[in-house]
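# What follows is a predicted protein model with its sequence.
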Amino acid sequence: MPMMSFSMVALAAFLILLGAPMAVGLGLSAIVVVGVFQPVPNMQIIPQLFSEAATSFILLAVPLFILAGNLMERGTVGRNLIDFTTSIVGWSTGGLGAVNIVGSMLFGGISGSSLADTATFGSILVPRMVEDGYPDDYAGAVTLTSSSLSVVIPPSILLVLAAASTDQSVGRALAGGLLPGVLITVALLIPNYYISKKHNYGHKIPFSFRNVFNKARTCWTALVAPLIILGSIFSGMVTPTEGAGVAVLYIVLIDGIIFRKLTFTDFIDTFKKTAVLTSAILFIATSSAIANWIIAYDNIPRFLAQVLSGIPGGKIGFLIMIDILLLLIGMTLDASPAIIIFSPLFLPIAVNMGIDPTHFIVLMIVGFALGLTTPPYGVCLFSLSSITGISMERLVKKSMPFYVAMFISLILVTFIPAISLVVPNLLGM
């Protein structure tokens, strides 16, 4: 019986129920278990695992992308994206809802952070939608669910974490998220169109090529940002970590130096906010490193492989079970620790069953992206409710059609691997 793993899970669950943060509960329980069972003398493995997890070059991309997203909240890039997207899709039924969804996709191509998306669009676009005749809870629901696009569309922070924690190619994982992100965007646009048409929400903005041209001319700084960041990564000019640095430098250059929209106070505040969130993620990563070592020591992956391989339906049955687990995990854990903890556990099993690792990483991200917006532990749900003052109950109720659209997208990504693999294969990654 894997007593080490069983004891660690039981102690971690007890600590978390008492109110300890996830990283503290998991890390402390893992250290106690290693100290009690002594699988290696003098607990020598702990500092080694901490060092390996905390000094990963790939993980350096995480604080840089977080910083880029935080700077975008205060600068002009997010607002310019909204203005340009309005000129493109504002003419359609449910125009500002479509602007919200498409804008989130473009925003995700720069920041990789759903929380940054929620803060930017929740403070700018929700009031604008309400002024245009949309109910506040509907405007909030569109903003909430579309914010999930930022962790699917590259450069997604979650894709970086998943690839780094499983020793997979970060560039290939990022490329794999591109088409699924577009798929979710289209899926969210469909209920927005029909609901807006049924209830006559909003006013259409007349389409004009001149207006598009004028907005492109004034908003060019936001439009070229995804091209510079993603183009530099996918062309091989820079690594994903260096691409994160490119994102930060670009925003600092545009909003901090050229247009001077970012003040010294803005930089200090964003650095503090980035440091807090980065510390939490790295704390989770180091704690999870010890926990994953214990799990591997007890041969839990082999045991799970034997159990899951016996699921009726073979690979299809396994994928159905994984989708169910992702939804349950996503509803109870934040996406960052969930990815760090469960990716190394599930991925080897998937590979043994003949599933491409990039495909599996992407479907995990899509599943957890849905969890970011759902109760009881959807961080984007908490964030948007706090920003807008709309109750979580009202947001969840209005989000139901969009949850269905996201779930259908998850099913398509799960059972059509080409959606995740065609772009990285075309790029030769």
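Arrived safely.
# residue contacts, the most centrally placed residue in the chain?
What sits nearest the mean C-alpha location of the chain, by C-alpha atoms, centre = their mean, is residue 151, with 2.5 Å. Contact analysis of residue 151 by C-beta atoms under 8 Å, 6 or more residues apart in numbering lists 108, 112-114, 157-159, 335, 365, 368-369, 372. No exception for glycine: its C-beta is placed from N, CA and C like everyone else's.
# Could you pull up phi and psi at it?
Backbone torsions for residue 151, taken as degrees, to the nearest 10, come to phi -100, psi 0.
# Per-residue pLDDT of it, please?
Looking at residue 151, its pLDDT is 87.
# Relative to residue 179, how far out is it?
Applying C-beta to C-beta, to the nearest Å, the value for residue 151 to residue 179 is 15 Å.
# elements contacting the helix or strand encompassing residue 394?
Secondary-structure assignment from DSSP states H and E places residue 394 in helix 392-415. Applying 3 or more C-beta pairs under 8 Å, 6 or more residues apart in numbering; DSSP states H and E, we find helix 392-415 packed against helix 136-146, helix 178-199, helix 314-332, helix 357-371, helix 379-388, helix 418-426.
# Now name the helix or strand holding residue 68.
Element membership of residue 68 [criterion: DSSP H and E] is helix 61-74.
# Against which helices or strands is that helix packed?
The contact analysis (3+ C-beta pairs under 8 Å, 6+ apart) places helix 61-74 against helix 95-111, helix 114-131, helix 157-165, helix 240-251, helix 264-297.
# Identify each buried residue in the second one, please.
Think helix 114-131. The neighbour-count criterion (16 or more other C-beta atoms under 10 Å) identifies 114-122, 124-126, 128-130 as the buried residues of helix 114-131.
# Pick the one among these closest to residue 269.
Nearest to residue 269 among the buried residues of helix 114-131 is residue 119, at 12.4 Å by C-beta to C-beta.
# Can you tell me how far the closest one is from residue 69?
For residue 119 relative to residue 69 (C-beta to C-beta), the value is 9 Å.
# Residue 320 too?
In terms of C-beta to C-beta, residue 320 sits 34 Å off from residue 69.
# which one of those two has more residues nearby?
Using other C-beta atoms under 10 Å as the criterion, residue 320 and residue 69 rank with residue 69 on top: 31 against 16.
# thinking the more buried one is in contact with residue 115, fair?
Yes. Using C-beta atoms under 8 Å, residue 69 is in contact with residue 115, at 7.4 Å.
# And the contacts of stretch 345-363?
For stretch 345-363, contacts defined as C-beta under 8 Å, 6+ apart pick out 152, 159, 162-163, 166, 168-169, 172-173, 176-177, 180, 292, 295, 300-301, 304-305, 308-309, 314-315, 318-319, 322-323, 326, 343, 364, 410, 413-414, 417, 420-421, 424.
# Now it - C-alpha only, CSV.
Extracted in CSV, the C-alpha atoms of stretch 345-363 (Å, rounded to 0.1, in the frame of the first residue of the first chain):
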residue,chain,number,x,y,z
LEU,A,345,0.4,12.6,-13.0
PHE,A,346,-1.9,12.2,-16.0
LEU,A,347,0.4,12.9,-19.0
PRO,A,348,2.5,9.7,-18.7
ILE,A,349,-0.7,7.6,-18.6
ALA,A,350,-2.1,9.4,-21.7
VAL,A,351,1.2,8.9,-23.6
ASN,A,352,1.1,5.2,-22.8
MET,A,353,-2.3,5.0,-24.3
GLY,A,354,-1.1,6.5,-27.5
ILE,A,355,-2.3,10.1,-27.0
ASP,A,356,0.0,12.9,-28.3
PRO,A,357,1.4,14.9,-25.3
THR,A,358,0.7,18.3,-26.9
HIS,A,359,-2.9,17.3,-27.6
PHE,A,360,-3.3,16.1,-24.0
ILE,A,361,-1.8,19.2,-22.5
VAL,A,362,-4.1,21.5,-24.6
LEU,A,363,-7.2,19.6,-23.6
